[in-house]
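# here is a sequence together with a model predicted from it:
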Amino acid sequence: MKQGNTGSITFRILIVSGLLLLTALFLGFRSGGKDVPILKPLSTFPTRIGDWRGKVERFDEKVYEILGVDDSLLCDYRRPDGRWVNLYIGYYQSQREGDIIHSPKNCMPGSGWNIVKRDLVDVPIPGAEPGRFKAIKLVLRKGSNEQVMLYWFQSRGRFIHSEYQQKIYLVLDSIFKNRTDGSFVRLIAPVTSTEKETTESLKTFAQGILPILEQYLPGA
């Protein structure tokens with residue numbers, strides 16, 4: 001490896017390590033910012049979205065203890081053609097030491113699913129001022145089963161697609177806004193035909209829930 005590349009990699013590692021240390025120290029010594037209640041309880045989130053029909057589920061109680069969420073939704077949505085999407089939303093009124101949004105990159109391998117591909121995908125934002133944001137895409141495999149996951153952090157008016165950016169904004173907003181509230185939105189669907197088709201189906205579903213999320217998650 002060239003000396004220049006080695007220096008660049010070392011510099012990036014130092015930056016990331018410094019940010020993680022800053023986050024840990026800041027969250028450890030602050031109360032975590034003011035509590036920002038969710039706009040509406042997620043128990044009222046619609047189970048009918050277009051031609052999707054949902055059934056509310058729950059994790060084991062031990063999972064909720066680990067997650068430390070203040071409000072959450074776990075729901076399986078199905079269409080008449082047999083397609084289904086599992087939606088999870090976790091909301092934190094404030095993030096304190098121990099009660100911080102967890103990345104699925106850490107927990108999925110522990111449940112037996114191997115991450116075989118990582119990518120970013122553009123998700124269109126509908127409405128009067130249309131736009132788009134990037135979501136993290138993971139392709140997961142367990143034996144012969146394959147799934148596609150899309151997720152993003154929706155915190156204080158931002159769509160965030162990087163765990164590192166999430167930590168940076170968490171520190172900055174804690175300092176300048178006295179806020180550390182945030183949410184995590186995750187979609188999973190099995191690959192029944194092709195990975196591309198499953199990804200497009202998840203993106204379409206994501207578009208459908210974005211206007212609804214605005215009614216529940218606090219903005220900037």
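Yep, it's here. Residues are numbered from 1 along each chain as shown.

# which residue packs closest to Val56, ignoring adjacent ones?
Spatially, and ignoring its direct neighbours in sequence, Val56 is nearest to Cys75 (5.1 Å; CB to CB, 6 or more residues apart in numbering). (Glycine included, C-beta is placed from N, CA and C.)

# beta partners of the one you found?
Going by DSSP bridges, Cys75 is paired in beta bridges with Val56, Leu87.

# cool, Phe184 as well?
Gly90, Phe153.

# so it touches Leu87, yeah?
No. Phe184 is beyond contact range of Leu87, at 11.5 Å (criterion: CB atoms under 8 Å).

# low-confidence ranges, this protein, go.
Along the chain, the parts satisfying pLDDT under 70 run over 1-33, 97-99, 106-110, 128.

# go with 90
Applying pLDDT under 90 to the chain flags the ranges 1-34, 59-68, 81-82, 94-113, 124-132, 162-177, 193, 219-220.

# so where do the strands sit in it?
48-49, 52-56, 71-78, 84-92, 114-125, 131-142, 145-155, 158-160, 182-190 (DSSP state E).

# now those in JSON lines, with mean neighbour count and distance to Ile168?
Formatted as JSON lines, the strands of the chain follow (neighbours: other CB atoms under 10 Å; distance: least, CB to CB, whole Å):
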{"stretch": "strand 48-49", "mean neighbour count": "13", "distance to Ile168": "32"}
{"stretch": "strand 52-56", "mean neighbour count": "15", "distance to Ile168": "34"}
{"stretch": "strand 71-78", "mean neighbour count": "19", "distance to Ile168": "24"}
{"stretch": "strand 84-92", "mean neighbour count": "22", "distance to Ile168": "17"}
{"stretch": "strand 114-125", "mean neighbour count": "14", "distance to Ile168": "17"}
{"stretch": "strand 131-142", "mean neighbour count": "17", "distance to Ile168": "16"}
{"stretch": "strand 145-155", "mean neighbour count": "21", "distance to Ile168": "11"}
{"stretch": "strand 158-160", "mean neighbour count": "19", "distance to Ile168": "9"}
{"stretch": "strand 182-190", "mean neighbour count": "22", "distance to Ile168": "13"}
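
# mind putting these into JSON lines with distance to Asp35?
Formatted as JSON lines, the strands of the chain follow (distance: least, CB to CB, whole Å):
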{"stretch": "strand 48-49", "distance to Asp35": "29"}
{"stretch": "strand 52-56", "distance to Asp35": "25"}
{"stretch": "strand 71-78", "distance to Asp35": "12"}
{"stretch": "strand 84-92", "distance to Asp35": "10"}
{"stretch": "strand 114-125", "distance to Asp35": "28"}
{"stretch": "strand 131-142", "distance to Asp35": "26"}
{"stretch": "strand 145-155", "distance to Asp35": "15"}
{"stretch": "strand 158-160", "distance to Asp35": "19"}
{"stretch": "strand 182-190", "distance to Asp35": "12"}
